[in-house]
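K.L.:
below is the sequence, then the predicted model.
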Amino acid sequence: MRQATKTQYNAEFDSDPALHKRLTRLLAKHSVDGEYVVTTCIESRTMVQFLSPKNDALRENLKKLGIDVREELIFQFEMPHHPWELHKLAKSLAAEEINILSLYSSIEGEQMRITLAVDQPANAMAIIEKLGFEPDYAICD
């Protein structure tokens with residue numbers, strides 16, 4: 001298994017257009033690919049989730065802006081594009097009390113590529129391998 005190539009950053013802050021603008025400039029400065037950025041707002045809070053190689057300077061710069069930041073280890077694997085397969089995955093993780101923190105998917109023919117963050121990555125990877133899939137920390141663009 002290869003080493004982690006990307007980290008999922010979760011940034012949360014009070015909704016403020018000026019702060020959001022500074023965050024956007026900071027992400028560009030650190031070469032964060034916009035394809036891997038998701039922004040949501042809930043009431044007066046903004047949450048920005050993005051993938052980037054682990055970067056302590058980026059984390060420190062986020063903190064300097066007053067942004068709460070959390071990092072999650074992510075991994076990726078492919079599974080058949082069938083609703084039952086995703087159900088089986090979620091049920092298997094839940095049976096071992098592993099919480100899904102985020103899940104992204106894309107469809108490629110008959111396969112679904114899953115990018116997953118959980119609270120117990122090593123245990124989740126073992127379960128996914130038992131299900132017959134090949135999880136990897138190396139995230140493919």
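P.N.:
In hand now; what should we look at?
K.L.:
can you give me the domain assignment for this structure?
P.N.:
7-72, 73-130 (automatic domain parsing).
K.L.:
now these in JSON lines, with distance to residue 136, mean pLDDT and mean neighbour count?
P.N.:
In this view, the C-beta of every residue, glycine as well, is placed from N, C-alpha and C. As requested, those are exported to JSON lines (distance: least, Cβ to Cβ, whole Å; pLDDT from 0 to 100; neighbours: other Cβ atoms under 10 Å):
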{"stretch": "domain 7-72", "distance to residue 136": "15", "mean pLDDT": "93", "mean neighbour count": "15"}
{"stretch": "domain 73-130", "distance to residue 136": "6", "mean pLDDT": "93", "mean neighbour count": "15"}
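K.L.:
reformat these as TSV; add distance to residue 137.
P.N.:
Formatted as TSV, the domains of the chain follow (distance: least, Cβ to Cβ, whole Å):
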stretch	distance to residue 137
domain 7-72	10
domain 73-130	5
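K.L.:
which parts of the protein are helices?
P.N.:
Counting by DSSP state H, the segments of the chain that form helices are 17-29, 56-64, 83-95, 121-130.
K.L.:
can you put these in JSON lines and add distance to residue 107?
P.N.:
Compiled in JSON lines, the helices of the chain are given as follows (distance: least, Cβ to Cβ, whole Å):
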{"stretch": "helix 17-29", "distance to residue 107": "27"}
{"stretch": "helix 56-64", "distance to residue 107": "30"}
{"stretch": "helix 83-95", "distance to residue 107": "12"}
{"stretch": "helix 121-130", "distance to residue 107": "19"}
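K.L.:
please name whichever of the ones you listed is nearest to residue 11.
P.N.:
helix 56-64 (5.8 Å; Cβ to Cβ).
K.L.:
what is that closest one packed up against?
P.N.:
Helices and strands touching helix 56-64, by 3 or more Cβ pairs under 8 Å, 6 or more residues apart in numbering; DSSP states H and E, are strand 7-14, helix 17-29, strand 68-80.
K.L.:
make TSV out of the ones you listed and add distance to residue 130.
P.N.:
Below are the helices and strands packed on helix 56-64 laid out as TSV (distance: least, Cβ to Cβ, whole Å):
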stretch	distance to residue 130
strand 7-14	24
helix 17-29	37
strand 68-80	12
